[in-house]
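> Structure of the sequence below:
(chains A and B)
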Amino acid sequence: MSKEILVIGGGIAGIQASLDLAEMGFQVKLVERLPSIGGKMAQLDKTFPTNDCAI
Amino acid sequence: MLDVGRHPNIELMAYSEVEKVEGEAGDFKVTVRRKARYVDEDKCTGCGACTEKCPTLLADAFNMGLGERKAIYSWFAQGIPSTHTIDAENCRQLQGKKCGICKKTCQADAVNFEQEDRIVELNVGAIIVASGYEVFDASRVPEYRYRDIPNVITALEFERLLSASGPTGGHLDRPSDIAAKAEIAALEKKAKKAKKTLEKLEEKFGESSSEFFKHYEGRQYEGDEDRKKWADRYMEYLAVAEPLEALKKKAEGFTVAKKLAFIQCVGSRDLRFYPFCSGYCCMHSIKEAIIAYEHEPETRSVIFGMDIRAVGKGFEEYKIRGGNQAGISYVRGRVAEITEGSDRRPVLTYEDTRERVVKSEAFDLVILATACVPSKGISALAEILGIELDEFGFYKTDVSNPMDTTRPGIFTCGCAHSPMDIPESVAQASGAAARAAQILLESEMRKAS
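Residues are numbered from 1 along each chain as shown, chains lettered A, B, ... in the order given. Okay, here's the model as predicted:
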């Protein structure tokens, strides 16, 4: 039985899932196709409905 | 993002792809290809000196092709990891030409042209697949002429124009004006070169080119080969300088886009393409119009849609605020056609269904709210993972177990599941994390009892 969990995709969903699992104490492997994580959200300037910065 | 990079329980494998998955829930064997960056991740400090010196200019995909990047690059400035990557297809050195400037520049000695892909084997108990989405290709809607009219852009392209770290530094320059400015820069370079040649000739003959040319045209120097060459050079210079002056004069009249049109449901709620509602685009357009107004208070935006779907906490209030405080008006109607009017301004033809009148109106910039559609690689990844897709091409899930894919132990969340906004993606991610944790804890409890 492995204690590790694989997360595929480093967008906002993959990042949140990885952080939640890491905080629970699991070892997480996060695989991202592109050179950096962030996904589409990193391309956004601000987010609704609070106009907070996306990055 | 930063938290992921430094969390002791997370190993980040960027620029990598999953190639094979075997086994079952609780005990998966996964093969991951770590693609060669040609830059050592342990040595690269992300300083960017290599990027500065790299001679190869390419379209920047992160900026939706609106800006430029080099062949050695970071995906975006604040990217995690900050390790730079060489685009092997476009790198001079890796394509067999003489270069290697980045390697000479790098003080950390991180550039390694001999680097190869690495295969890593993982043993994991559960898998969460959050492979995301793609925006709909707007050129598939013929009546909006996305490819033909430069000032018709997508919502994500507009997002990059709004961004302070984007290609325009946050100024809402129209793409046609950006292209004209690029042309001016290219012509100026040419003119400068031509002028230098002329200056040498002027020195040699002790006469200004324009004076000389008058005499030349008066057939004063017939048969003089050297002067004929000079005249040819001067005519070449004029062929560049004249259109340059005309363009420069035109550019003086360029202003930022102030009259914006947002067109909703481009690709979604359209039976020719995708019947579903993408969920976030109404709010996205409102947000973009509000931010544009914050950049330039003279901005006036019109949002064209069948209805505005502001379903979410605080969303309806946000919509009203946009209308009252950010110069947004909402028109009920689908835009029938976009054509190009004078001064490269797009002209919209639409029926205002509340007034029952067909209208035509010109705008500075048109922004298409493109649908959220399955990413191109999703079917290949689904095959590797051994999971099924639904009728539209997102991962297939069950209503009563929305985070579970069709293979036990593999879960999904975010826009790979179905179109959704950021708060919902985050909530789903926590749900998928809980489901994955259950798999690992269940077997643990079985062992204990």
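> for the closest residue to residue A:44 other than its chain neighbours, what are its contacts?
Closest residue in space to residue A:44, ignoring its immediate chain neighbours: residue A:54 at 4.0 Å, by C-beta to C-beta, 6 or more residues apart in numbering or on different chains. The C-beta positions use only the backbone N, C-alpha and C, and glycine is treated the same way. Applying C-beta atoms under 8 Å, 6 or more residues apart in numbering or on different chains, we find residue A:54 in contact with A:41, A:42, A:43, A:44, A:45, A:46, A:47.
> wait, doesn't the fourth one sit right on residue B:162?
When you say that, I think you mean residue A:44. No: using C-beta atoms under 8 Å, residue A:44 is not in contact with residue B:162, being 9.1 Å away.
> mind checking how far the residue nearest to residue B:428 when sequence neighbours are not counted is from residue B:284?
Distances taken as C-beta to C-beta, 6+ apart put residue B:413 closest to residue B:428, at 3.9 Å, once the chain neighbours are dropped. Residue B:413 is 20 Å from residue B:284, where distance means C-beta to C-beta, to the nearest Å.
> show me the contacts for residue B:176.
With contact taken as C-beta under 8 Å, 6+ apart, residue B:176 is in contact with B:150, B:151, B:344.
> JSON lines for those, including secondary structure, neighbour count and pLDDT?
JSON lines is the format used below for the contacts of residue B:176 (DSSP: H, G, I helix; E, B strand; the rest coil; neighbours: other C-beta atoms under 10 Å in any protein chain shown; pLDDT from 0 to 100):
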{"residue": "B:150", "secondary structure": "coil", "neighbour count": "18", "pLDDT": "96"}
{"residue": "B:151", "secondary structure": "coil", "neighbour count": "20", "pLDDT": "97"}
{"residue": "B:344", "secondary structure": "helix", "neighbour count": "16", "pLDDT": "95"}
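> Closest one to chain A out of the residues you listed, please.
Nearest to chain A, judged by C-beta to the nearest C-beta, of those is residue B:151 at 19.4 Å.
> just checking, that closest one touches residue B:174?
Yes: between residue B:151 and residue B:174 there is a contact under C-beta under 8 Å: 5.1 Å.
> between these two, what contacts are shared?
Common neighbours of residue B:151 and residue B:174, using C-beta under 8 Å, 6+ apart, are B:257, B:344, B:364, B:365.
> per-residue confidence at the first one?
Predicted confidence (pLDDT) for residue B:257: 96.
> What does it show for phi and psi?
phi -70, psi 130 (degrees, to the nearest 10).
> and the gap between it and chain A?
As judged by C-beta to the nearest C-beta, to the nearest Å, residue B:257 and chain A stand 15 Å apart.
> and residue B:413 and residue B:284? which has more neighbours close in?
With neighbours defined as other C-beta atoms under 10 Å in any protein chain shown, residue B:413 and residue B:284 compare such that residue B:413 has more, 34 against 24.
> Can you give me the neighbour number for residue 41?
Here I'm looking at chain A. When neighbours are counted by other C-beta under 10 Å, residue A:41 registers 19.
> Not quite, go with chain B.
Residue B:41 has 18 neighbours, counted by other C-beta under 10 Å.
> ranges for the strands of chain A?
Remark: strands assigned in chain A by DSSP state E are A:4-8, A:27-31, A:46-47, A:52-53.
> And chain B, is the last one touching that?
Which is strand A:52-53. No: contact of strand A:52-53 with chain B (C-beta under 8 Å from any C-beta of the partner chain) is absent, the minimum separation being 9.6 Å.
> how about the residues of the stretch 251-400 of chain B near chain A?
By C-beta under 8 Å from any C-beta, the residues of the stretch 251-400 of chain B that approach chain A are B:283-284, B:286-287, B:290-291, B:294, B:312-315, B:317-318, B:377, B:381.
> among these, who's most crowded?
Counting by other C-beta under 10 Å, top hit in these: residue B:286 with 27 neighbours.
> Could you report the separation of it from residue B:150?
Look at residue B:286 and residue B:150: by C-beta to C-beta, they are 25 Å apart.
> swap in residue B:243?
Using C-beta to C-beta, residue B:243 is found at 19 Å from residue B:150.
> Stretch B:171-183 - what's its average pLDDT?
Average pLDDT, stretch B:171-183: 94.
> winner for burial among the strands of chain A?
strand A:4-8 (a mean of 28; mean count of other C-beta atoms under 10 Å in any protein chain shown).
> Note down every partner strand of it and its orientation.
Note on strand A:4-8: by DSSP bridges, its sheet partners are strand A:27-31 (parallel), strand B:126-129 (parallel).
> Nearest to residue B:192 among those would be which one?
Closest of the strands paired with strand A:4-8 to residue B:192 is strand A:27-31, at 48.6 Å (criterion: C-beta to C-beta).
> With only the CA atoms kept, save the closest one in CSV.
Extracted as CSV, the C-alpha positions of strand A:27-31 are listed here (Å, rounded to 0.1, in the frame of the first residue of the first chain):
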residue,chain,number,x,y,z
GLN,A,27,3.2,12.7,0.3
VAL,A,28,2.1,14.3,-3.0
LYS,A,29,3.6,14.1,-6.4
LEU,A,30,2.4,16.9,-8.6
VAL,A,31,2.9,16.5,-12.3
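> List of residues touching it?
Applying C-beta under 8 Å, 6+ apart, the external contacts of strand A:27-31 come out as A:3-10, A:14-15, A:18, A:21-22, A:37, B:4, B:7, B:9-13, B:16-18, B:32, B:122, B:124.
> at 6 Å instead, please
Residues from elsewhere that reach strand A:27-31 (C-beta atoms under 6 Å, 6 or more residues apart in numbering or on different chains): A:3-8, A:10, A:18, A:21-22, B:9-13, B:16, B:18, B:32, B:122.
> hey, where'd the helices end up in chain A?
A:12-24 (DSSP state H).
> Give the lowest-confidence helix or strand of chain B, using mean pLDDT as the measure.
When the helices and strands of chain B are scored by mean pLDDT, DSSP states H and E, helix B:2-6 comes last with a mean of 85.
> name the helices or strands packed onto that one?
Contacts defined by 3 or more C-beta pairs under 6 Å, 6 or more residues apart in numbering or on different chains; DSSP states H and E place helix B:2-6 against helix A:12-24.
> is it true that residue B:431 touches residue B:404?
No: Residue B:431 lies out of contact with residue B:404 (C-beta atoms under 6 Å); the separation is 10.3 Å.
> what about these two, which has more around it?
Neighbour count, other C-beta under 10 Å: between residue B:431 and residue B:404, residue B:404 has more, with 19 against 16.
> mind listing what residue 33 touches?
Here I'm looking at chain A. Residues counted as contacts of residue A:33 (C-beta under 6 Å, 6+ apart) are residue B:17.
> if you could check chain B rather than the one you did, that'd help
Neighbouring residues of residue B:33 by C-beta under 6 Å, 6+ apart: B:17, B:19, B:117, B:119.
> And residue B:352, how close does it get to residue B:330?
According to C-beta to C-beta, residue B:352 stands 11 Å off from residue B:330.
> how about the residues of the stretch 1-150 of chain B near chain A?
B:1, B:3-4, B:7, B:9-18, B:26, B:30, B:32, B:75, B:78-80, B:85, B:122-132 (C-beta under 6 Å from any C-beta of the partner chain).
> now those residues: which count as buried?
B:1, B:4, B:7, B:9-18, B:26, B:30, B:32, B:75, B:79-80, B:85, B:122, B:124-132 (16 or more other C-beta atoms under 10 Å in any protein chain shown).
> Can you point out the buried residues in stretch B:350-361?
Buried, per 16+ other C-beta under 10 Å, within stretch B:350-361: B:350, B:351, B:361.
> any chance of the residues you listed in a markdown table, with secondary structure too?
Shown next, in a markdown table, are those (DSSP: H, G, I helix; E, B strand; the rest coil):
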| residue | secondary structure |
| --- | --- |
| B:350 | strand |
| B:351 | strand |
| B:361 | strand |
